[in-house]
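# Provide a 3D model corresponding to the input given below.
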Amino acid sequence: MIDRVILHCDCNAFFASVECLHHPQYRDVPMAVAGDEQTRSGIILAKNELAKKCGVVTAETIWQARKKCPGLLLVPPRHGEYHQYFQKINDIYQQYTEQVEPFGIDESWLDVTGSQKLFGTGSEIAEILRNRIRTEIGLTISVGVSFNKVFAKLGSDYKKPDAVTVITRENFRDIVWKQPVEAMIFVGSNAAEALRKIGIRTIGQLALADRELLYETLGKGGPAVCDFANGLDESPVLTFEHTHEVKSVGNGTTLPHDLSNTQEIRSCVTELCELVAGRLRSCGMRCTTVNVALKDPQFHTISRQKPTKNPTDITKELIETAMEIISANYHDGKLVRSVTVTAQNLVPCDTKEQLSLFLQADYKREKMHELEEVKDRIRKKYGRRALRYANTLQSDFE
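Below you'll find the predicted structure:
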C-alpha cells in the first residue's frame, strides 16, 4: 500500500506576526498579543521572537509574562484581521489540494498524496507553500511532512520558525521517540503527568508501554495514543468546507469578580444568550439543546445540558432553558468564576417544527422571531450595546 503524504502547516506566532506586519516597529521590542490586562482572563495569546527569548510563553498570564519581561509591549487582539489572513493562507493551500483541514485559526493539515504528479514530492510542495506565504503574504510557516496527521503535526513543531521537517517510516523513531510525551497531540498536561507517574516521559517509552497499563492510567485514550506513538494513524484529512460546518455555537466569560447568587448569574447568562442567539441567526441555525458550564474559583467545572422545547434561536427561550439548568444545579452562596452557554444539536432554521395545538403559541413565537430580526438590524446599525435587557444594564462584564 502506498503511504499517504500529509502536510501540517503551522503559522509561526500567528497573531504577533500579523501585528508586526502592520507595525514593523513591533519587531524591535519584546511584544505579545494578549487579553485584557485588567481582567483575570488576561493571558498571552502570541509573542514575537524577542519576547520568546525572554521566556514568555503562550497561554501564561500577563503578570507571569511581565515578571520575565518587564518591558513587554502588550497589543490587544484583532480577531477579524487574523481571520482574514487565515482565509488568505488557506486559499493558497487549496490551490494544491481539496483536502485542507484547518486546526484552529493558524494550523492546517493538507493531504497532497494525489497532488505530487502536478507539484512534486511532499517536501517540495512544503517548500513551495513556505516560500509563497512568505513572499505573497509576509508571514512564515513551519511545515511537517509525514505519512499521517499526528506525525505531520509533530514535524511542524520540531523546527521553528520557517522550516520544513520530513518524518518517514524510516526516521520517525529517531525524531519522534526522543520527544517528551506532551509534545504529541491528544496528550495534554494532565495525561502527561499521569504518564510520568508510571515512568513514561518520552514518546518512545509510550510507544513501547504495556497497553493494559495505559488503559488503567488513561482509559480508552491510553491504547490510542500508544498507536499514535507507533505511527498508527489512519484518520483522514477532511475538506475545508466539511470542517466549517457549524456544529455548536457558544460564548463564555471569566468574570471580573466572582458571582455569588442566581440574580447575578442570570444577568451574565442573559448577556451570553444574546450573543449565542445572534450568532445562531447569523448562520441560519437553531439549537435543540442548551449546555451551561459554571466554573468556580478553584477551577472546578460543572457542565449540564437540557433539550429545548422547540428548535430555537430566540434569546428569551435560550435564557429560560439555561436558567432551568442553573436552578437545578446551583445554590446561592456558591462562588462562580466563569460562565459558558453553548447551543448544541443545531438544525437549519427552515427545519419544520411540530405545530402547537394552541395556535396562539405559534403566533407568539413567530412574533418573537420578528422581534429578534428587528433587534439584529438595530444592533448592526448602532452597535451591540444599543439594545440591552434591563437586568444587564449594571453589569460589568462583556
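# going forward, measure contacts and count neighbours with C-alpha atoms only.
Fine.
# list the contacts for the closest residue to residue 303 other than its chain neighbours?
Closest residue to residue 303 apart from its sequence neighbours, by Cα to Cα, 6 or more residues apart in numbering: residue 293 at 4.2 Å. By Cα atoms under 8 Å, 6 or more residues apart in numbering, the residues touching residue 293 are 301, 302, 303, 304, 339, 340, 341.
# drop anything exposed from those residues.
339, 340, 341 (16 or more other Cα atoms under 10 Å).
# hey, where'd the helices end up in the stretch 101-250 of the chain?
116-119, 122-132, 149-158, 172-175, 189-197, 203-207, 211-218, 221-229, 240-243 (DSSP state H, counting those that start in this stretch).
# and what of the stretch 251-398 of the chain?
Secondary structure of the stretch 251-398 of the chain, counting by DSSP H, counting those that start in this stretch: helices at 262-282, 315-329, 359-382.
# let me have these in JSON lines, extended by mean neighbour count and distance to residue 216.
Shown next, in JSON lines, are these (neighbours: other Cα atoms under 10 Å; distance: least, Cα to Cα, whole Å):
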{"stretch": "helix 262-282", "mean neighbour count": "21", "distance to residue 216": "39"}
{"stretch": "helix 315-329", "mean neighbour count": "18", "distance to residue 216": "31"}
{"stretch": "helix 359-382", "mean neighbour count": "13", "distance to residue 216": "51"}
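# for residue 325, see how far away residue 314 is.
17 Å (Cα to Cα, to the nearest Å).
# my error: substitute residue 338 in the last question.
Distance from residue 338 to residue 325, by Cα to Cα: 16 Å.
# do the same with residue 35
For residue 35, the distance to residue 325 - Cα to Cα - is 30 Å.
# now residue 21. Nearest residue, chain neighbours left out?
Closest to residue 21 by Cα to Cα, 6+ apart is residue 138, at 7.0 Å.
# from residue 23, how far off is the one you found?
In terms of Cα to Cα, residue 138 sits 12 Å off from residue 23.
# these two: which is more packed in?
residue 138 (13 against 10; other Cα atoms under 10 Å).
# check that one and give its pLDDT.
At residue 138, the pLDDT value in this model is 96.
# same deal with residue 362?
52.
# circling back: make TSV out of the helices of the stretch 251-398 of the chain and add distance to residue 146.
What follows is the helices of the stretch 251-398 of the chain, written out as TSV (distance: least, Cα to Cα, whole Å):
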stretch	distance to residue 146
helix 262-282	38
helix 315-329	45
helix 359-382	46
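# mean pLDDT for those helices: which is lowest?
Lowest mean pLDDT of the helices of the stretch 251-398 of the chain: helix 359-382, a mean of 68.
# now residue 153, nearest residue through space, not along the chain?
residue 8 (5.3 Å).
# ok, residue 66 to residue 78 distance?
From residue 66 to residue 78 the distance is 21 Å (Cα to Cα).
# check residue 166 too.
Relative to residue 78, and taking Cα to Cα, residue 166 is found at 33 Å.
# so for those two, which residue has more residues nearby?
residue 166 (22 against 12).
# picking up where we left off before, in which helix or strand does the residue nearest to residue 153 reside?
Residue 8 is part of strand 6-11 when elements are defined by DSSP states H and E.
# next, the angle from that strand to helix 122-132.
20 degrees (axes from the mean of the first three to the mean of the last three Cα atoms, to 10 degrees).
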